[in-house]
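Novice: Got a predicted model here, sequence first, then my questions.
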Amino acid sequence: MSARMIFTCTWGKDSPERATLPFVAANVAATAGQDAVVLCTIDGVWLGTVGGTDGVTSPGLPALTDLVGEFVDNGGQVWLCGACTKPRGITDEQLAKGVTIVGAAKVVEEIAGGARPVGFA
Amino acid sequence: MSVVDAPAGNQPPSTAGLGWSIATRFLEALAARDFDQLRSCFAPDVRFRALLPPGPRTWTGAAAATEVCLSWRVRWTDDADGTVYVFEQHAYADAGDAIERMDLLCSGDIPEPQPPAGRRHRFDAGDMGCADGLPQAFRRRIRALPAGDLLEVVASDPAAAEDLPSLARMLGHTVVSVGTLDDGRSLICVEAST
């Protein structure tokens, strides 16, 4: 049974608080030694690109660029939904460190194996 | 791997009556990478000789022989072009209650033999992705194959290399290899199951 936690992130820089909060929670999980993934969908996929988190800040929360970097350094992974990256023209070459483009089957397999989805925003 | 059972009587006391041979114990320990059980298969003063690509080597003692066995590689994939290489290890042993002498012949890495062309089927998925019908197209094609046939999917969608193996596993098929072609497209090879 998988112990992985999948934190969903559906918002981009147009909504800094919603974009940041899933990474706050996921980073707590990673810091605690949990297997944590942030799955970005819809406009959230931009956050997985180089420069995609630049300037994303929200009162009371850490700057998203620093937060994502720390999350990845703590062992976290960032997945971008392939169905969402394609219409936005996002390719492998544009991805930041620790980011992978995945499809629905990958996520389904994880959930079927016991991974737990976590909705934080 | 194949096992040629040792003559009757070569059974460790703990498995007496179970019909296990020392060769079977050795192979099971090797497959499980069980250091302690593997070591117990060797006589304390076992002589282990090997003819390896760099040349002949000799080791003495159970610990040394065990370390050599656990260092064996049997298969690896060149990520640059997806070529799969295998090693053939032929070992001949003299054994009583334990292996007293073992001689090994290693082939070095050789390209994995390819199945007959008729058993390989290629599907060029273009830029199809999970929202474009790729999972459904893959399932339709793999289900049409007899067990043992290979479906090679070429895909430019960046998620395909992760997605298709997941889908294959969930459908009960075996992922043979995942690689990248020179042009950057993914090549996913799946063996159809029953």
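Specialist: Yep, that arrived. No experiment lies behind these values; they were computed from the predicted model shown.

Novice: ok, now how distant is the most centrally placed residue in chain A from chain B?
Specialist: The structure's chain A has its C-alpha centroid closest to A:Val38; by C-alpha atoms, centre = their mean the separation is 3.0 Å. Distance of A:Val38 to chain B, given as C-beta to the nearest C-beta, to the nearest Å: 16 Å. Where C-beta positions appear, they are placed from N, C-alpha and C, glycine not excepted.

Novice: Report the beta-bridge partners for that residue.
Specialist: A:Phe7, A:Val78 (DSSP bridges).

Novice: Verify the stated contact: it with A:Val72.
Specialist: No - the pair A:Val38 / A:Val72 is not scored as a contact, 9.7 Å apart, by C-beta atoms under 8 Å.

Novice: who touches both of these two?
Specialist: A:Val78 (C-beta atoms under 8 Å, 6 or more residues apart in numbering or on different chains).

Novice: Could you check how far B:Ala43 is from A:Gly119?
Specialist: 61 Å (C-beta to C-beta, to the nearest Å).

Novice: again with A:Glu110
Specialist: Distance from A:Glu110 to A:Gly119, by C-beta to C-beta: 15 Å.

Novice: Among the two, which residue is more densely surrounded?
Specialist: Neighbours per residue (other C-beta atoms under 10 Å in any protein chain shown) separate A:Glu110 from A:Gly119, with A:Glu110 holding more: 20 against 11.

Novice: where does chain B have low pLDDT?
Specialist: Across chain B, the ranges flagged by pLDDT under 70 are B:1-20, B:82, B:114-118.

Novice: Show me which residues of it sit near chain A.
Specialist: B:127, B:129-132, B:134-135, B:157-160, B:162-164, B:166-167, B:169-170 (C-beta under 8 Å from any C-beta of the partner chain).

Novice: Going through those residues, which ones are buried?
Specialist: B:129-132, B:134-135, B:157-160, B:162-164, B:166-167, B:169 (16 or more other C-beta atoms under 10 Å in any protein chain shown).

Novice: out of the residues you listed, which are inside helices?
Specialist: Here DSSP state H is the test, and these give B:134-135, B:160, B:162-164, B:166-167, B:169 as lying in helices.

Novice: And these, which is closest to B:Ser186?
Specialist: B:Ala160 (5.1 Å; C-beta to C-beta).

Novice: Now that closest one. Nearest residue, chain neighbours left out?
Specialist: For B:Ala160, ignoring the flanking residues on the chain, the nearest one in space by C-beta to C-beta, 6 or more residues apart in numbering or on different chains is B:Ser186 at 5.1 Å.

Novice: what's the one you found sitting at in phi/psi?
Specialist: phi -80, psi 140 (degrees, to the nearest 10).

Novice: check contacts around it.
Specialist: B:Ser186 neighbours (C-beta under 8 Å, 6+ apart): B:153-157, B:160-161, B:178-180.

Novice: 10 Å instead, please
Specialist: B:82, B:125, B:153-164, B:178-180 (C-beta atoms under 10 Å, 6 or more residues apart in numbering or on different chains).
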